[in-house]
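1. Quick one: sequence and predicted model below, then my questions.
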Amino acid sequence: MKSIYFLINRCNKATPFLLCMFMCLSGLTLPAHAIQPAYAAFADGDGDIYVTTKNGTLHWLQHTGRMSGADSWVNFGASKVVGDKATSKNLLNTKMFSGDDGIIYTINNKGQLLWSRHDGRFNGSQVWTNGNKLSIIGNGWNKYSHVFSGGDGIIYAITTDGKMLWFRHTGWLDGTAKWTADSGKQVSKGWVGVLKVFSGGNGVIYSIMPSGRLRWHRHDGRLTGTDNWVNAGVHSVVGYNWQGYRQVFTGGDGIIYAITAKGDLLWHRHTGWLTGKDTWAPIPATDAGRVIMSGLAIN
């Protein structure tokens, strides 16, 4: 396992990704009614990980060992700044999350939902659809406690009183402000007190409770917005002691990344991600995680 300090030393001074990455990560434990702060790190399903740094720039790196959990990275983990052209110069105090296929959604301080697409995601180049312009596709998105994508233009939002709302952005591939007519309808309830919630793909949704339990849900009605859930919406507990992570996000195919308070980046693979079984890789089954980067304390 490489030390984070080793990786920093291998990077050019112009790209101090790992230093910035772990010093500015957010997602600390919140009161049940609070709005989740800026999402500092997120990933798509191809091994691409994005991080917004302390100075408001967007960095990219690619985890080539994502399926096995190996500490294998493009350019030895050195990041590339990719956000100069797509961030309107500043990403501070915003919420960002992946919509898959290079789509990135941003919620700014005004509550606007912005769309961008990173066409250079396979090599970390600064190639974006529409150059440096972010498309405004919605308003009023800062009122929700949690917002995340379910892929294919689907966006879930959780209200402060625990209702889960379903939206489908039909313009998700080109950034047009087109939505299904029934976007915003309620598909679930009872989400008060959730610390973190994120999609695992294919309708799978994970939630972390203050007790540390990692819960698994699957919304089979995700494409149409129907209230159709596996096990009639009853969740499965698939992990424990997840409450201490600063940030948790999916890498697709059952892969879950987590960042500890001391700055370790952990890799998990939930092999039961499609069925809700409590099975994890590698054998023996465990959800304890594998450290794939370490060595940096967080102030």
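-> Yep, that arrived. Numbers count the residues shown, from 1 in each chain.

2. buried ones in stretch 208-223?
-> Within stretch 208-223, the residues scored as buried using 16 or more other Cβ atoms under 10 Å are 208-209, 213-219, 222. No exception for glycine: its C-beta is placed from N, CA and C like everyone else's.

3. from these, which single one is nearest Asp287?
-> Distance from Asp287 was checked for each of the buried residues of stretch 208-223 by Cβ to Cβ. The minimum falls on Leu214, at 6.8 Å.

4. Could you report the pLDDT at the closest one?
-> The predicted local distance difference test score for Leu214 is 97.

5. Could you pull up the residues touching the closest residue to Arg121 other than its chain neighbours?
-> What sits nearest to Arg121 in space, not counting adjacent residues and going by Cβ to Cβ, 6 or more residues apart in numbering, is Gly102, at 4.6 Å. In this structure, Gly102 makes contact with 44, 117-119, 121, judged by Cβ atoms under 8 Å, 6 or more residues apart in numbering.

6. so where do the helices sit in the protein?
-> For the chain, applying DSSP state H gives helices covering 4-10, 17-23.

7. Now the weakest link among those, please, by mean pLDDT.
-> Ranked by mean pLDDT, the helices of the chain end with helix 4-10 in last place, scoring a mean of 32.

8. will you turn the buried residues of stretch 208-223 into a markdown table that also has distance to Val51?
-> A markdown table is the format used below for those (distance: Cβ to Cβ, whole Å):
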| residue | distance to Val51 |
| --- | --- |
| Ile208 | 20 |
| Met209 | 26 |
| Arg213 | 27 |
| Leu214 | 23 |
| Arg215 | 26 |
| Trp216 | 26 |
| His217 | 27 |
| Arg218 | 29 |
| His219 | 28 |
| Arg222 | 27 |
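
9. Let me know the closest of those to Ile256.
-> The nearest member of the buried residues of stretch 208-223 to Ile256, counting by Cβ to Cβ, is Leu214 at 8.5 Å.

10. Quick check: that closest one touching Gln243?
-> No - contact criterion Cβ atoms under 8 Å: Leu214 and Gln243 do not qualify, at 9.3 Å.

11. neighbours of the closest residue to Arg66 other than its chain neighbours, just the number please.
-> Counting by Cβ to Cβ, 6+ apart, Gly47 is the residue found nearest to Arg66 once chain neighbours are left out, at 4.5 Å. A count of neighbours around Gly47, defined by other Cβ atoms under 10 Å, yields 21.

12. Likewise for Gln112?
-> Neighbour tally, Gln112, other Cβ under 10 Å: 17.

13. which residues touch it?
-> 136, 138-139, 141.

14. Can you say which of these are buried?
-> So, of those, 138, 141 end up buried under the neighbour-count rule (16+ other Cβ under 10 Å).

15. Just give me the closest of the contacts of Gln112 to Thr170.
-> Set against Thr170, the nearest of those by Cβ to Cβ is Gly138 (12.6 Å).

16. bridging residues for the closest one?
-> Beta-bridge partners of Gly138, counted by DSSP bridges, are Leu113.

17. Check Ser149 too.
-> Ile155.

18. I figured it hits Ser199, correct?
-> Yes - here Ser149 lies in contact with Ser199, judged by Cβ under 8 Å, at a distance of 6.2 Å.

19. overlap in contacts of these two?
-> Shared between the contact lists of Ser149 and Ser199 (criterion: Cβ under 8 Å, 6+ apart) are residues Tyr156.

20. pLDDT below threshold where in the chain?
-> 1-39, 54, 84-93, 283-286, 294-299 (pLDDT under 70).

21. Nearest the middle, which residue of it would you pick?
-> Nearest to the mean C-alpha position of the chain, counting by Cα atoms, centre = their mean, stands Phe42 at 3.6 Å.

22. Can you give me every residue that contacts it?
-> Under the criterion of Cβ under 8 Å, 6+ apart, the contact list for Phe42 reads 49-50, 96-98, 249.

23. In strands, which of these appear?
-> Counting by DSSP state E, these place 49-50, 96-98, 249 in strands.

24. Which one of the residues you listed sits in the busiest neighbourhood?
-> Highest neighbour count within the ones in strands among the contacts of Phe42: Ser98, with 28 neighbours (other Cβ under 10 Å).

25. can you tell me how far the nearest residue to Trp179 once chain neighbours are set aside sits from Thr180?
-> Counting by Cβ to Cβ, 6+ apart, His169 is the residue found nearest to Trp179 once chain neighbours are left out, at 5.7 Å. Remark: distance between His169 and Thr180 (Cβ to Cβ, to the nearest Å) = 8 Å.
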